[in-house]
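1. Kindly generate the corresponding structure for this input.
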Amino acid sequence: MLAIVAGPVADAAAIAGIRWRMAQALYNHCEREDRLIYRTILSSGDAVATGIAMTYRIEHGQLALDFGRYITDWPVTRINREWDAFRADTQAAMAALAVRIRNEEETLYAHAERVMERRKAA
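-> Residues are numbered from 1 along each chain as shown. Below you'll find the predicted structure:
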């Protein structure tokens, strides 16, 4: 997406395609993470991991809402009309998503691994 918005003019077909794939990937990620990570942590009895998982789970719901709002706020006609504003909004959305991914990898997944290792050892 960042490569597309780096261009000087809107490519509506490319934008529509990549946003659809991103929305689907986000949905799939949320489903998989809920099934594999959150349920494991929340049933672990680990208070620290559970607190972190609950925070991330709530934020996950907000992330999906924010991405949905980003898509509805930017129909193709508006993208074409307000290309520079769309580019800025997209760059901000992708930066926020990158921060979320980094935080999940550094914090949430570390707790999930610890909980899973403890289960294996038990």
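2. Determine the longest helix present in the protein.
-> Criterion DSSP state H: the longest helix present in the chain is helix 47-73.
3. what's the average pLDDT for that helix?
-> Helix 47-73 shows a mean pLDDT of 89.
4. Alpha carbons of the following helix or strand past it, as CSV, please.
-> Helices and strands here follow DSSP states H and E; after helix 47-73, the next one along the chain is helix 76-81. Extracted as CSV, the C-alpha positions of helix 76-81 are listed here (Å, rounded to 0.1, in the frame of the first residue of the first chain):
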residue,chain,number,x,y,z
VAL,A,76,-12.5,5.9,-4.8
THR,A,77,-14.1,9.1,-5.9
ARG,A,78,-12.7,10.9,-2.8
ILE,A,79,-9.3,9.3,-3.2
ASN,A,80,-9.1,10.6,-6.8
ARG,A,81,-10.2,14.1,-5.7
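5. following helix 76-81, which helix or strand shows up next?
-> helix 83-103.
6. And that next one, what does it pack against?
-> helix 2-5, helix 47-73 (3 or more CB pairs under 8 Å, 6 or more residues apart in numbering; DSSP states H and E). Using the backbone N, CA and C atoms, a C-beta is placed for each residue, glycine as well.
7. Can you add distance to residue 40 and mean neighbour count and give the ones you listed back as JSON lines?
-> What follows is these, written out as JSON lines (distance: least, CB to CB, whole Å; neighbours: other CB atoms under 10 Å):
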{"stretch": "helix 2-5", "distance to residue 40": "33", "mean neighbour count": "14"}
{"stretch": "helix 47-73", "distance to residue 40": "9", "mean neighbour count": "14"}
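8. Which among those is found nearest to residue 26?
-> Evaluated over the helices and strands packed on helix 83-103, closeness to residue 26 peaks at helix 47-73, with 5.8 Å, by CB to CB.
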